[in-house]
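Colleague: pasting a predicted model and its sequence here:
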Amino acid sequence: MIRKNDNGTFTVDIRQGRERRHQKRFKTKTQCYERLFLIELDQGKEWQPNQKDKRKLSELINLWYDLHG
């Protein structure tokens, strides 16, 4: 959760599980979103694929060319 403080700074409040809670202050809201994004990456959110793509780069290029080229 991001909240704006009275002095113009922003505070990020992150809860990891039930025990851990982290709070950090930043000058800009963008810095807060960057921190949230990095922490969510560490927690393994859905944008991290579980399976790696086994295709070769040449296969991807041919597929792209067939669809868009």
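Modeller: Looks like it arrived, so ask away.
Colleague: in the chain, which residue is most central in space?
Modeller: Per C-alpha atoms, centre = their mean, the C-alpha nearest to the average position across the chain is that of Phe37, at 2.9 Å.
Colleague: quick check, that one in a helix?
Modeller: Yes: counting by DSSP: H, G, I helix; E, B strand; the rest coil, Phe37 falls inside a helix.
Colleague: now find how far off-centre the one helix or strand Thr30 maps to is within its chain.
Modeller: Using DSSP states H and E, Thr30 sits in helix 29-43. How far helix 29-43 lies from its chain's middle: 6 Å, per C-alpha atoms, centre = their mean, to the nearest Å.
Colleague: and that helix, which residues are buried?
Modeller: By 16 or more other C-beta atoms under 10 Å, the buried positions in helix 29-43 come out as 32, 35. Where you see a C-beta, it was placed from the backbone N, CA and C, and this is true even at glycine.
Colleague: ok, then the element right after the lowest-mean-pLDDT helix or strand in the chain?
Modeller: Sorting the helices and strands of the chain by mean pLDDT, DSSP states H and E puts helix 29-43 at the bottom, at a mean of 77. With elements assigned by DSSP H and E, the helix or strand that comes after helix 29-43 is helix 57-68.
Colleague: what helices or strands is that next one leaning on?
Modeller: For helix 57-68, not one helix or strand is in contact under the criterion 3 or more C-beta pairs under 8 Å, 6 or more residues apart in numbering; DSSP states H and E.
Colleague: how far away from the center of its chain is that helix?
Modeller: Centroid separation for helix 57-68 versus its chain: 28 Å, with C-alpha atoms, centre = their mean.
Colleague: cool, and stretch 6-15?
Modeller: Using C-alpha atoms, centre = their mean, the offset of stretch 6-15 from its chain centre is 18 Å.
Colleague: ok, and what's touching that stretch?
Modeller: Stretch 6-15 is contacted from outside by 1-5, 21-29, 31-32, 35-36, 39, using C-beta atoms under 8 Å, 6 or more residues apart in numbering.
Colleague: what's the end-to-end length of that stretch?
Modeller: By C-alpha to C-alpha, to the nearest Å, the extent of stretch 6-15 from end to end equals 23 Å.
Colleague: quick check, pLDDT for Pro49.
Modeller: We have a pLDDT of 62 for Pro49.
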